Structure formats: structure tokens, C-alpha cells
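Asker: I need the structure of the sequence given here:
(2 chains, ligands or ions: 2)
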Amino acid sequence: MKELFPLKQVMGFVFSLVLTAVALIAYFTDMSFSLGMTILLLTAFIQAGLQIVVFMHAGETNDKKSIYTNIYYGVLIALITIFGTLLVMVWDM
Amino acid sequence: MDFFNRFAVPHPSFLIYGAMVSIAIAMIAVVVGITYFKKWGYLWREWLTTVDHKRIGIMYLIVALLMLFRGGVDAIMMRYQLSMPDNTFLDSQHYNEVFTTHGIVMILFMAMPFITFFFNYLIPLQIGARDVAFPRLNALSFWLFFMGAMLFNMSFVVGGSPDSGWTSYFPLAGNEFSTSVGTNYYMIAIQIAGMGTLMTGINFITTILKMRAPGMKLMKMPMFTWSAFIANVIVVFAFPVLTVLLAMGTMDRLFGTNFFTTDNGGMDMLWANLFWVWGHPEVYILILPAFGLYSEIISTFARRNLYGYKSMVASMVVISIFSFLVWAHHFFTMGQGPLTNSIFSITTMAIAVPTGVKIFNWLFTLWKGKIVFTTPMLYSILFIPLFTLGGVTGVMLAMSAADYQYHNTMFLVAHFHNVIIPGVVYAMIAGLTFYWPKMFGFMLNEKLGKWTAWLLSVGFVLAFIPMYITGLDGQARRMYTYSESTGFSTLNMVSFIGAAIMAVAFALLVYNIYYSIRYASRDIGSDPWDARSLEWATHTPVPEYNFAIIPEVASTEAFWDSKKKGHELFKGKIEKIHMPNNSPLPFIMSCIFFVFGFSMVFSIWPVAIIALIGILACLTYRSFEKDHGRYISVEEIEETEAKLRGAKK
Ligand code: HEM
Ligand SMILES: [Cu+2]
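Answerer: Ligands and ions are numbered 1, 2, ... in the order given. I've put the predicted structure just below:
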């Protein structure tokens, strides 16, 4: 029975529902813009990670290494682009 | 009639009318020709619906060469306009259109398909695979790219060309200052072609990671495959920025959003910023495969293995990250503070280091080698000093304080042509000459080839070195004319002469192809250069399944070791081969994309919506289609093999 029941997936599903609910708080309650954004960004990134790892099986094949390298590389480039753009366009303008 | 007025060119001249007539005549001639020789069926079966990576590669090559011609004509027109002070050959508006088109055509529709041609033709052969990972996606990539390119080129005769530079900076490119549909073409045509490129990137990353022959570890891949791998990784992470950027630009122009406007909270400089977030990685996308080709050619004709394989790979991995760290060097003068400029100055200078490592590796490869001076080798040897000069001026430009002097002058123009022509264009011609016998079964004439290389280099030096000087003297880029008193005229005349010599060199290349088709020996075997990697291990012409038996690899230079050390490549026996089926869907879908793009450019919404539905219908059809490919039987393979072995003797 234990092997048949996809515990990991069900837990993942519940967790992603929780994340969605938490994100909705930002819309339905009256909070400051920056707090709202922080909640949205955090839940969004955790959600994305969850989807990739649990539901898209990122770590379950022998391609594990290249998949994770790709993801880390992508995250790095995204961070560079965002913070670099902020630096150029806002912080140091 | 009102409806049709919008398709007229807003700023016509006899050149444009001439082009219209000649395009019409050429199109009629092609259609009549194909009908007369009854080639429609052949064209449809063998080319338009093909999913074979070799044929798709050749189609990329054809587009690249056509676009090289188009961009080259633009170049000559500009150089002629500037060859004399106060010249009236082109007026300012035409000059703007010409330099805009020249830049886009050369980078996106000439250099990009040229490297994609090498990706397509070579990678599966170099890694011992039978096709790419997603053959049908590959066909879609090509056709989307093709339709984007054609849509862009249409702007010349229908509605007017874009005229705000290949960089298309806002607010100039906004509706207020660019009133014709030209910039719509820019946004939408590049978007369509860019989608194709993004798919190519994903396709080749997967191919290289998943489809290598047994035994070919990552660190045993040929250097071109490595360079292509890194280039495609950069494609996958840089092109989404362009996609988003163009989508935002399109919305600003067509739907009245305010991303890049100067009021309502728009940030016009954000365009420049994001453009270069894509744009700088883009120049490395172009140069890395070129480096890969030089590596193959230099080790083949120095008759030894590449010096410093590991450092070559390491430097490219470093470049893949660093190329995303330097973009602001394209707008040091935009007004950001000294902190930003210093950071980007330093990263830019740092990226010259891995590039330098590669130069030294090639020099060390040559050092102990027994050099054979063939045409591809001649290009590679000419490349090293000329490219280094461009790299050095790049480092000059990288100093942000000094860049206030160089920026937007001819000095900058000299820099990037100095890296792109000896870097990319030479590599393309060298690679084409090198792989020509593999593709077509005969070699290009060596004597004519060397003449071309020398002429091209003399022309290049005459055309571009003077620009360093006039640039330092203050000649601005993108100015359509200057007065006698500036003193720029002599050097600009020299530039024009250089450009004309380069044109002669390209004509000689074309003549070489013609000459070799007629006279070259067809009896050259499958390894005429005595080369080193797997692509030379199969027959010429390459059978559609590439390798009857998948090779087993034990070293970086598998084919060389099989020739010299007796390693056995093809173990096992022939089995039936699974191949993908041809499909008309990529072509049809891309045609609908063309219609969609065209109606978007002219804001003809009903047609755009219908086309969009058509695209979705194609996607849906594909999702439910069952296509399990087909098998080539053992008898058929043996028959082909016997025939090819006979041909190669
Ligand atoms: C040693 C490495 C290099 C350095 C340090 C370097 C540096 C620079 C800098 C600082 C600029 C901006 C100058 C200005 O706008 O005032 C620039 C422009 C440019 N570079 Fe390079 N570069 C290097 C290599 C390359 C390579 C390999 C390519 C292409 C294959 C390339 C293509 C370009 C292009 C196309 C532009 C101008 C784009 C435009 O404004 O239209 N560069 N480079
Ligand atoms: Cu750059």
C-alpha cells in the first residue's frame, strides 16, 4: 500500500495549494506594497521550485546533473540581469 | 484605394522602384523556372517538408548567402555615399534606412543562419548521431526564421524600411518619431525569426547532451561541438530577453502602452538597457562557433591535436557567464553613475582574458605543428592578428572614461567590424571551404580561394583601419554626409576603395563556386583534407542516416586515431534504422506566421486574428497527431553503403 500511494505528490499538491492561498492574502488584505511584493515573490519562487522538483521530476533521472546545472545557471543569469538593470536604471542613475 | 495607400513606400526613390521591378521579375522567373522544369514536387518532397538536418542546414546556408549579398549591397551604398564630401547619392532618410537594414540583415539574417547552418550540418555528424533531438522542431525553427527574414526584407518595397538603427533605441523608435510601419517590421519580423532561434538553441543543447555516440564523454567532444554547445546555452538564456523586449516594443507601437515612452511613467532608456542585455551575449553567440571552426581547421592543418583542450573549454564556460556581465559597456554615456560604469568597465576588460587564452592556444597549436597552407588555414592565420587588433581596440573602448571620446564615432564602427569580419565572416568562409567537399563531393579551387582570402584581407584593412583614425578625429557614425572642411574625405575614399575590393573578393568566391562546379574533380574520397573528427568518418555524400553503424569513440580525435592508431570505430553489424518522417506542418505553420506578422505590421486585425487561430489549429493538430517515424531496412542500408563505397573507391 505504501509504495502505491504517491505521498510525495499529494503532499506537494497540498503545499502548492497552501502557497497559492498565502499569495492571495496579499490581494485580499490591506498591507504595504513592499510587504505584499515580498510575499508574492517568495511564494512564486517556492512554487516554481516545487513544480520543477516534484511535478516535473527534475531530480529523478540520470540527467539530474545537467538539469540542475541548467536551473542554477538560469537563476544566476536572471539575478544578474535583474540586479544589474536595477543598478543601471534606478540605483545609480 | 485608401486601404492600399498604406502599403506604399513613404520615401521612394528610383533605387526602390528598381528593386521592386527586379524582385517581381526574379519571382516570376523562379516560379516559371520551377514549373517549366517540373520541380514543384521535388521541391516540396525533398526540401519544403524535409526534417533532415543536412538539408535544413543547406537551406540556412542559402539564406545566409542571399542575405550576405543584400547586406553587402547596403554596405557598398553607404561607403559610396561617404566616399566624397557632400555626396547626394543617398539622402539622409535613405541613409538611415540603409544602415538600419544593413545591421539587422548582417547580424540576424546573415551571421545567425550561417552559424546555424554549421550547427545543423556538423553537430549530428561530429557526435555520431543520426539527426538532431527534435527533427520536426528543427524544421519549424528554420521556417520561422525564414519567414521572419522574408518579412523583414519585404519592408524595403512594401510600407518602408525601418530607419532607427539596428539597435532601434527609443524614443526614436517610438510612434512619435518613427511614423512609418518600418519599425513595426523590425519588432515583428525579428520576433518571428527569434522564436526559431530559441527553438534551435533548445534543440541543439538537447542533441549534444543526449545523443552523443557511445564513449564520447563531454570532455571528448570535438571543439566545434563544444563551442556550439556553449553558444546555444547563451542563446537559450539571452533570446528570451529579446523576445520580451520586442513584445514590449510592439505593444508600445501598436497598442499604446508606455514601456519606453518619455512620459506616463515610461522608461525610454530601458530599451537600450535590455537590448544590450541580449545584444552583448549575441556577439558571443556569433563568435564562439567561429572560434570552434578555427579550432577544427587549425588542428587539422597544423597536423596535431589542439593545444590546451581543457583551457579552451574552460575559457568558453567562463565566457558563457561573463558575456552576461558586461552589457552596459554599450552605453557608458547614457548617464548612469561612475560606480556602474566602473563595474562594467572591469568586467569588460576581464572578458578579454578568456578570449586571449584561446588566441594563445591556437598559437601554441601552430607552434609545434607542420603547417599546411590550404585556403581554410590561410583564413585562420589571417584571422589571428586581425582579430587581435579588434580585441585590443575593444579593450580601449572598455575604459568607460575614454569611451566618452570613442562612443558613436567611426572608431566604434571600426572596432566591431574588426572583430566581426576577421572573427565571424572569415570563419564562415573558411568553414564553408573546409566542409564544402563533405557536402557536395568536390573541393573549391584552392588558387581562387587563396586569392579571395588575400583580396578580402587587403580590402578589409583598407576599408576599416582608416575608420579608427577618422573616428578619433571626430567623424560620427550614422551621419549621412560631411563637409569638405572636416578633412575626412581622403580616408573615406580609401574606405570606399577597400569596400569595393571586398566586393570583388566576394564576387571571386561566387566565381570559385561556379568554376569548381564545372571543373573540380569528383574523385576525392570522403576525407580529402586528412582530417581528424567524426564528420569525416562517414561517406561523401552523407547518406540520410549519417552512419550505417553508430561509431564508438575513445578519444577527442576519434577519426584520426582510427586512421593512425587503428582504433575500430564501427563495431557491430548493420541493423534497421529508425528515422523521422517528413512533415509539411512546420512550413505551413510558418506561412501562417508570415501572414500573421504582415497583418500585425499593418494593423489589419481581422486577418491577424484569423492567422492566430490558424497557428493554434496547427499546434492542436500536432498535439494529437500520431507519427512514429519509419524504418530503413537492412537491405536498403547495405545497398546504399555498397553504392557509396563504390563511389568513394
Ligand atoms: C576583447 C573583447 C571585446 C571587448 C573588450 C569589446 C568591447 C566593446 C565595447 C566597450 C563596445 C561599445 C563601445 C561604444 O559603444 O562606445 C563594443 C561595441 C561592439 N562590439 Fe565589442 N568588444 C569585444 C569583442 C567583440 C566581439 C568578439 C564582437 C563580435 C563578434 C564584438 C562586437 C561588437 C559590436 C557589434 C559592437 C557595437 C554595437 C553597436 O553599437 O552598434 N565585440 N565592444
Ligand atoms: Cu558588447
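
Asker: Residue B:172 touches residue B:178, doesn't it?
Answerer: Yes. Counting by CB atoms under 8 Å, residue B:172 touches residue B:178, with 6.6 Å between them. From N, CA and C alone the C-beta is placed, and that goes for glycine too.

Asker: between the two, what contacts are shared?
Answerer: Listed as contacting both residue B:172 and residue B:178 by CB atoms under 8 Å, 6 or more residues apart in numbering or on different chains are residue B:164.

Asker: Of these two, which one has the most company?
Answerer: Neighbour count, other CB atoms under 10 Å in any protein chain shown: between residue B:172 and residue B:178, residue B:178 has more, with 22 against 17.

Asker: quick check: mean pLDDT across the helix or strand residue B:415 falls within?
Answerer: For residue B:415, the host element (DSSP states H and E) is helix B:410-419. Mean per-residue pLDDT for helix B:410-419: 96.

Asker: swap in stretch B:556-567?
Answerer: Per-residue scores along stretch B:556-567 average to 84.

Asker: Residue numbers of chain A in contact with chain B?
Answerer: Applying CB under 8 Å from any CB of the partner chain, we find that chain A lies next to chain B at A:63, A:66, A:73-74, A:76-77, A:80-81, A:84-85, A:87-89, A:92-93.

Asker: just the buried members of those residues?
Answerer: For those, a neighbour count by 16 or more other CB atoms under 10 Å in any protein chain shown gives the buried set as A:63, A:73, A:77, A:81, A:84-85, A:87-89, A:92.

Asker: which residues are contacting stretch B:598-608?
Answerer: B:6-7, B:151, B:154, B:159, B:181, B:184-185, B:188, B:250, B:254, B:595-596, B:611.

Asker: what about it, start to end distance?
Answerer: 8 Å (CA to CA, to the nearest Å).

Asker: show me the residues around whichever residue of chain A sits closest to ligand 1 that make contact.
Answerer: Of all residues in chain A, the one sitting closest to ligand 1 is residue A:88 (14.6 Å; CB to the nearest ligand atom). Contacts for residue A:88 (CB under 8 Å, 6+ apart) come out as B:273, B:328, B:336, B:340.

Asker: just the contacts of stretch B:598-608 now: which is nearest residue B:448?
Answerer: residue B:154 (34.7 Å; CB to CB).

Asker: Surely that closest one touches residue B:182?
Answerer: No. The criterion here is CB under 8 Å, and residue B:154 misses it with residue B:182 at 11.1 Å.

Asker: Of those two, give the one with the bigger neighbour count.
Answerer: residue B:182 (26 against 18).

Asker: Pretty sure the more buried one sits against residue B:93.
Answerer: No. Counting by CB under 8 Å, residue B:182 sits too far from residue B:93 to count as a contact (10.5 Å).

Asker: Overlap in contacts, the two.
Answerer: Common contacts of residue B:182 and residue B:93 (CB under 8 Å, 6+ apart): residue B:163.

Asker: Next, work out how far apart residue A:40 and residue A:77 are.
Answerer: 22 Å (CB to CB, to the nearest Å).

Asker: repeat for residue B:617
Answerer: 35 Å.

Asker: How about the secondary structure of the closest residue to ligand 1 within the stretch 301-450 of chain B?
Answerer: Here the stretch 301-450 of chain B gets closest to ligand 1 at one residue, residue B:394, 2.6 Å apart by CB to the nearest ligand atom. When classified by DSSP: H, G, I helix; E, B strand; the rest coil, residue B:394 comes out as helix.

Asker: Excluding residues flanking it in the chain, which one is nearest it?
Answerer: In space, and not counting its chain neighbours, residue B:394 is closest to residue B:415: 5.8 Å by CB to CB, 6 or more residues apart in numbering or on different chains.

Asker: show me what contacts that neighbour?
Answerer: With the criterion set at CB under 8 Å, 6+ apart, residue B:415 makes contact with B:390, B:393-394, B:397.

Asker: Nearest the middle, which residue of chain A would you pick?
Answerer: Nearest to the mean C-alpha position of chain A, by CA atoms, centre = their mean, lies residue A:45 at 2.0 Å.

Asker: what's the following helix or strand after the host helix or strand of it?
Answerer: Following DSSP H and E, one finds residue A:45 within helix A:33-50. Sequence-wise, the next helix or strand downstream of helix A:33-50 (DSSP H and E) is helix A:64-86.

Asker: export that following helix as CSV, just CAs?
Answerer: What follows is helix A:64-86, C-alpha atoms only, in CSV (Å, rounded to 0.1, in the frame of the first residue of the first chain):
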residue,chain,number,x,y,z
LYS,A,64,19.8,15.2,-12.8
LYS,A,65,23.1,16.9,-13.0
SER,A,66,22.6,18.7,-16.3
ILE,A,67,19.0,19.7,-15.3
TYR,A,68,20.2,21.2,-12.1
THR,A,69,23.2,22.9,-13.7
ASN,A,70,20.8,24.4,-16.2
ILE,A,71,18.5,25.7,-13.5
TYR,A,72,21.2,27.2,-11.4
TYR,A,73,22.8,28.8,-14.4
GLY,A,74,19.4,30.2,-15.4
VAL,A,75,18.8,31.6,-11.9
LEU,A,76,22.2,33.2,-11.9
ILE,A,77,21.7,34.9,-15.2
ALA,A,78,18.2,36.1,-14.1
LEU,A,79,19.6,37.6,-10.9
ILE,A,80,22.5,39.2,-12.8
THR,A,81,20.0,40.7,-15.3
ILE,A,82,17.6,42.0,-12.7
PHE,A,83,20.0,43.4,-10.2
GLY,A,84,22.3,44.8,-13.0
THR,A,85,19.3,46.5,-14.6
LEU,A,86,18.2,47.9,-11.2
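
Asker: Let me know how buried the closest residue to chain A within the stretch 151-300 of chain B is, in neighbour terms.
Answerer: Closest residue of the stretch 151-300 of chain B to chain A, CB to the nearest CB: residue B:237 (4.8 Å). By the criterion of other CB under 10 Å, residue B:237 has 22 neighbours.

Asker: and whichever residue of chain A sits closest to chain B, what does it touch?
Answerer: In chain A, no residue comes nearer to chain B than residue A:92, which is 4.1 Å away by CB to the nearest CB. Residues in contact with residue A:92 (CB under 8 Å, 6+ apart) are B:336-337, B:339-340.

Asker: ok, which stretches of the stretch 51-200 of chain B are helices?
Answerer: In the stretch 51-200 of chain B, the segments counted as helices under DSSP state H, counting those that start in this stretch are B:53-83, B:92-104, B:112-126, B:135-154, B:182-210.

Asker: and those, which is most packed in?
Answerer: Mean neighbour count, computed with mean count of other CB atoms under 10 Å in any protein chain shown, is highest for helix B:112-126 among these, reaching a mean of 27.

Asker: So which elements touch that one?
Answerer: Packing partners of helix B:112-126 (3 or more CB pairs under 8 Å, 6 or more residues apart in numbering or on different chains; DSSP states H and E): helix B:53-83, helix B:135-154, helix B:182-210, helix B:223-255, helix B:268-301, helix B:426-440.

Asker: picking up where we left off before, can you narrow the contacts of residue A:88 down to the ones near chain A?
Answerer: Applying CB under 8 Å from any CB to those, those adjacent to chain A are B:273, B:328, B:336, B:340.

Asker: how about those residues in JSON lines, adding distance to residue B:33?
Answerer: JSON lines is the format used below for the ones next to chain A among the contacts of residue A:88 (distance: CB to CB, whole Å):
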{"residue": "B:273", "distance to residue B:33": "48"}
{"residue": "B:328", "distance to residue B:33": "51"}
{"residue": "B:336", "distance to residue B:33": "56"}
{"residue": "B:340", "distance to residue B:33": "57"}
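
Asker: Okay, and residue 8 sits in which element?
Answerer: Unless you meant another one, I'm taking chain A. Using DSSP H and E, residue A:8 falls within helix A:7-28.

Asker: Contacts for that helix next, please.
Answerer: A:35-37, A:39-40, A:43-44, A:46-47, A:50-51, A:54-55.

Asker: same thing but at 7 Å, please
Answerer: If you take CB atoms under 7 Å, 6 or more residues apart in numbering or on different chains as the criterion, helix A:7-28 is touched by A:36, A:39-40, A:43, A:46-47, A:50, A:54-55.
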